[in-house]
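Student: Coordinates for the following, if possible.
(chains A and B)
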Amino acid sequence: MTNPDQKTLNSILDGYPGEPVNLLPMLQAVQTKFRYLPREAIILVAEKLSLPKSRVFAVANFYRALSLTPKGEKVFTVCQGTACHLRGAPVVIGALEKALGLNLGQTSPDGRYGLESVNCLGACALAPVVTVDGVLHGAMTAKKAAKLV
Amino acid sequence: MRFADPDQLQDYCLNLPPVPPRRLWVCGGPGCLASGAEDLLAALRMEATKSGLKDTAELSCEPTGCLGLCQRGQLVTTEPDGYVYEKVSVEDAYEIVDQTLLAGLPVSRLCQDPSDPKAKNHPFYLPQKRLIMRRFGRINPERFDDYLRTGGYQALALAVRLGPEEVAFRIEASGLRGRGGSGFPAGRKWKACRTAEGDQKYVLANGDEGDPGAFMNRSLMEGDPLAIIEGLTLGAYAVGANQGYIYVRHEYPLSVARLRLSISNAEQCGLLGDNILGSGFSFKLSVVEGGGAFVCGESTALMASIEGREGQPRVKYVRSTERGLWDKPTLLQNVETWANVPLIVENGPQWFKSLGSESNPGTKIFSLVGQVRRSGLAELPLGTKIRTVVEEVGGGHLPGRFIKAVQTGGPSGGCLPVSELDLPLDFDRLPAAGTIMGSGGLIVIDDLSCMVDVARYFTKFLMTESCGKCLPCREGLAVIDGLLNDLCQSKAQIGDTDKLKELALTLSETALCGLGQSAANPVISTIRYFHHEYIEHEQGYCRSGRCQGMFIVNIDSDLCSGCGACQTACPSGAIIGRERKVRQVNTSKCISCGACLATCHFGALKTARRANHE
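Tutor: Below you'll find the predicted structure:
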């Protein structure tokens, strides 16, 4: 996990004009850099946009793509789209939970691994699919999923 | 190059450098990209260079938009012959270059029908009419000149000569309806926004495709981004907007990148920005990346999200065309609706009305997925029968199975039984049967899927994605989800189905936004058509073998081929038998997990009630 320092935060956020329309893009940029939204970032964004901290926090809390706690370095994401569900995503989730020792939605205590789900990646013909750090693996089975770990 | 007026644009288009006489197009749809389309493209280019092909203005091997036949990816199509190659791998690159690119001959072994390699005769493509997808397999979506060469921006060049009134008239007269799900007449929105008072107006494109099992908007944004941009420009010109936003789903980073690149290319050519084509009309466009919330596909939630707030819907007592984004008149349409606009402006409303059915003109992109032979993306005239899509385009059921239902319209839609498959896909007939067309998702469900589980799946999805603003949706879905879980875990009570139905109907009548009002559709439609499965679940039996512990497995000795696939799959050693002999089940060992059921291609495995429930 990277520690947030004011300088890095400023360098990420300085490019954005101070208008509320940039709230979500700014939070997304911080999320991409730190894999979560540090407390300092929420305060700084609120200052830069002249918005109440509560409003920034509300937005940070609402969107699934934003997280208030650090996400894992290596994230396994299981697609839970309809096609994936029908073709066995629940079994794949079970296998990954077992292999990683994590429940869906959790990050390992050392911050190295995360297990998440996504609603649909649009690769339905390859269902069920799992992405590892953005790389997609199709036609998953319990055995193949465990091998990914 | 910056075009000062329509004539300069026309001149430029007429004088574009020629393309190579033969070209290979590598499918860059979501499925093919995931299976390594980039490696395949690199291999083809390497072979082409090795064989001494000198590239003229453009390369002979290029990536293109989704070719649709995702199940058979990776796909390659050719110009000018129009062959389509399936299941192509890097190892096939030499042969494809040698035979097709150099000699114009098909590589028959990569074709569905070796005697007829042309895509247009393929059963998947035969019933289709690819208009919105017409550039998929003809352009590299990242090359601006490719778009111009295939008729791009001709509609805008025409529009600035016709004037805004005529553009708006053409859309109204065409009868175009919103492709995002509601089917609202586009012309009415355009007129309302055009006549709304105010100097500042906005046009928005909804690319927040959140329905699970749907990828038509993604394919469109990645396959022909400029068609959406040209459509928005035409819309802005007609209603008098000078700023537009395309709201794209967070999970689609490539869509965001392609749209941004295309916007920047259009700006450089003076097709976005100030004084477009010398008309005095100025228009700025930007892309907004969503935050991963399904509810932002709802129009008012989407606008709240662009404004930098939580994406929660509001009550629509004032239409967005009067007070939308930042309380200004706003014209919001789905990206596919926008992509129709250049076609209509250029070819006229009468041409558009000649496609599709009377009150549902035009074509629509459908994503066909689930338990069907050929999953993929297909564009068909509205009014096409569901059966045509499932059986002809999709090739029907998987071996040894039978189709039980087709789910349409995403999580807010409903399930139709096979008896209803002759219904036409349009905005008017499906609601009467208890579902909607929605954004065009078609999910095929066969006998191995449990309809109560399907309802549970959609309910859980909607419960997780509920924004929490209104009580019926926030709390109602949680209670419905609990009852469905009980049904799928043999914990239900007699009468729970009636309770579910009452809750579902109450939710439909009382939720705040369209998503909440339709959130109970999966439950209502499955109870309507598959009531018997609910009653069986109340009694602890799941006929589909999906809900664990709620069935036993029997083997029909007349149908069993003795292949032993089920025996290999059984984790508890409950299936017995040897070599090519008929298999049997030792019921006392069967843990009713259902692992064997999908392995049988002969339909020999049957579920039955457990003894204690008989």
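
Student: Surely B:F458 is in a strand?
Tutor: No: per DSSP: H, G, I helix; E, B strand; the rest coil, B:F458 lies outside any strand segment and is helix.

Student: I figured B:V418 hits B:H397, correct?
Tutor: No: taking contacts as CB atoms under 8 Å, B:V418 lies outside contact range of B:H397: 10.0 Å. Every C-beta, even on glycine, is put in place using the N, C-alpha and C of the backbone.

Student: overlap in contacts of those two?
Tutor: Both B:V418 and B:H397 are in contact with B:I403, where contact means CB atoms under 8 Å, 6 or more residues apart in numbering or on different chains.

Student: surely B:E465 meets B:G297?
Tutor: No: using CB under 8 Å, B:E465 is not in contact with B:G297, being 9.7 Å away.

Student: And these two? Which one has more around it.
Tutor: Per other CB atoms under 10 Å in any protein chain shown, whichever of B:E465 and B:G297 has more neighbours is B:G297, with 27 against 22.

Student: who's in contact with the more buried one?
Tutor: Counting by CB under 8 Å, 6+ apart, B:G297 makes contact with B:180, B:206, B:208-211, B:515.

Student: between B:V418 and B:H397, which one's more packed in?
Tutor: Per other CB under 10 Å, whichever of B:V418 and B:H397 has more neighbours is B:H397, with 18 against 15.

Student: Over to that one. Which of the three states is it?
Tutor: coil.

Student: Please name the nearest non-neighbouring residue to the most centrally placed residue in chain A.
Tutor: Taking CA atoms, centre = their mean, the centroid of chain A lies closest to A:A65, which sits 5.4 Å from it. Closest residue in space to A:A65, ignoring its immediate chain neighbours: B:G292 at 3.6 Å, by CB to CB, 6 or more residues apart in numbering or on different chains.

Student: How about B:K284?
Tutor: Closest to B:K284 by CB to CB, 6+ apart is B:Q243, at 5.3 Å.

Student: Over to the one you found: give its phi and psi.
Tutor: Here is the backbone geometry of B:Q243 (degrees, to the nearest 10): phi -140, psi 140.

Student: got a list of what it touches?
Tutor: Contacts of B:Q243 (CB under 8 Å, 6+ apart): B:200, B:202-203, B:236, B:283-285.

Student: which of the residues you listed tops the neighbour count?
Tutor: Counting by other CB under 10 Å, top hit in the contacts of B:Q243: B:V203 with 31 neighbours.

Student: Sticking with that residue, tell me its helix or strand.
Tutor: strand B:202-207 (DSSP states H and E).

Student: which helices and strands sit right next to the following helix or strand past that strand?
Tutor: For strand B:202-207, the succeeding helix or strand toward the C-terminus, using DSSP H and E, is helix B:216-223. On a contact count with 3 or more CB pairs under 8 Å, 6 or more residues apart in numbering or on different chains; DSSP states H and E, helix B:216-223 meets helix B:30-34, helix B:225-239, helix B:253-268, helix B:335-347, strand B:363-370.

Student: and the angle from the fourth one to helix B:216-223?
Tutor: It refers to helix B:335-347. 60 degrees (axes from the mean of the first three to the mean of the last three CA atoms, to 10 degrees).

Student: low-confidence ranges in chain A?
Tutor: Scanning chain A for pLDDT under 70 picks out the ranges A:1-4.

Student: Give me the domain ranges for chain A.
Tutor: Split into domains by automatic domain parsing, chain A comes to A:6-62, A:74-148.

Student: Comparing these, which comes out most buried?
Tutor: Of the domains of chain A, the one with the most neighbours on average (mean count of other CB atoms under 10 Å in any protein chain shown) is domain A:74-148, at a mean of 20.

Student: starting at the chain centroid, how far to that domain?
Tutor: Relative to its parent chain, domain A:74-148 has a centroid offset of 13 Å by CA atoms, centre = their mean, to the nearest Å.

Student: any residue of that domain up close to chain B?
Tutor: Yes: for domain A:74-148 and chain B, the contact criterion (CB under 8 Å from any CB of the partner chain) is met by A:80-87, A:118-127, A:129, A:136, A:138.

Student: Chain A: which of the contacts of B:Q243 is nearest?
Tutor: B:Y202 (11.7 Å; CB to the nearest CB).

Student: so who does the closest one touch?
Tutor: By CB under 8 Å, 6+ apart, the neighbours of B:Y202 are B:241, B:243-245, B:324-326, B:328-331.

Student: so how far is B:S286 from it?
Tutor: Computed as CB to CB, to the nearest Å, the B:Y202 to B:S286 distance reads 11 Å.

Student: just to revisit the earlier point, and of the helices and strands packed on helix B:216-223, who's closest to A:I12?
Tutor: helix B:253-268 (17.9 Å; CB to CB).

Student: what angle separates the closest one from strand B:202-207?
Tutor: Going by the same axes, to 10 degrees, helix B:253-268 makes 150 degrees with strand B:202-207.

Student: who does helix B:253-268 touch, helix- and strand-wise?
Tutor: If you count contacts as 3+ CB pairs under 8 Å, 6+ apart, helix B:253-268 packs onto helix B:144-149, helix B:216-223, helix B:225-239, strand B:243-248, strand B:284-289.

Student: I'd like the mean pLDDT over the second one, please.
Tutor: For helix B:216-223, the per-residue pLDDT values average out at 95.

Student: So which bits of it are buried?
Tutor: B:216-223 (16 or more other CB atoms under 10 Å in any protein chain shown).

Student: Residues touching that helix, excluding its own?
Tutor: By CB under 8 Å, 6+ apart, helix B:216-223 touches A:122, B:28-30, B:64-66, B:132-133, B:135-136, B:141, B:207, B:209, B:227-228, B:248-249, B:252, B:254-255, B:258-259, B:334-336, B:339, B:365-367, B:377, B:439-440.

Student: Buried members of the residues you listed into PyMOL, please.
Tutor: Per 16+ other CB under 10 Å, the buried members of these correspond to this PyMOL selection:
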select buried, (chain A and resi 122) or (chain B and resi 28+29+30+64+65+66+132+133+135+136+141+207+209+227+228+248+249+252+255+258+259+334+335+336+339+365+366+367+377+439+440)
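
Student: can you redo the contacts of B:G297 as TSV with distance to chain A and pLDDT?
Tutor: Output for those, formatted as TSV (distance: CB to the nearest CB, whole Å; pLDDT from 0 to 100):
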residue	distance to chain A	pLDDT
B:G180	16	89
B:N206	16	96
B:D208	12	92
B:E209	8	90
B:G210	7	83
B:D211	7	85
B:L515	14	86
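
Student: from what I can see B:G348 touches B:F169, true?
Tutor: No: judged on CB under 8 Å, B:G348 makes no contact with B:F169 at a distance of 10.5 Å.

Student: These two - which one has more neighbours?
Tutor: Set side by side, B:G348 and B:F169 show more neighbours around B:F169, with 17 against 13, by other CB under 10 Å.
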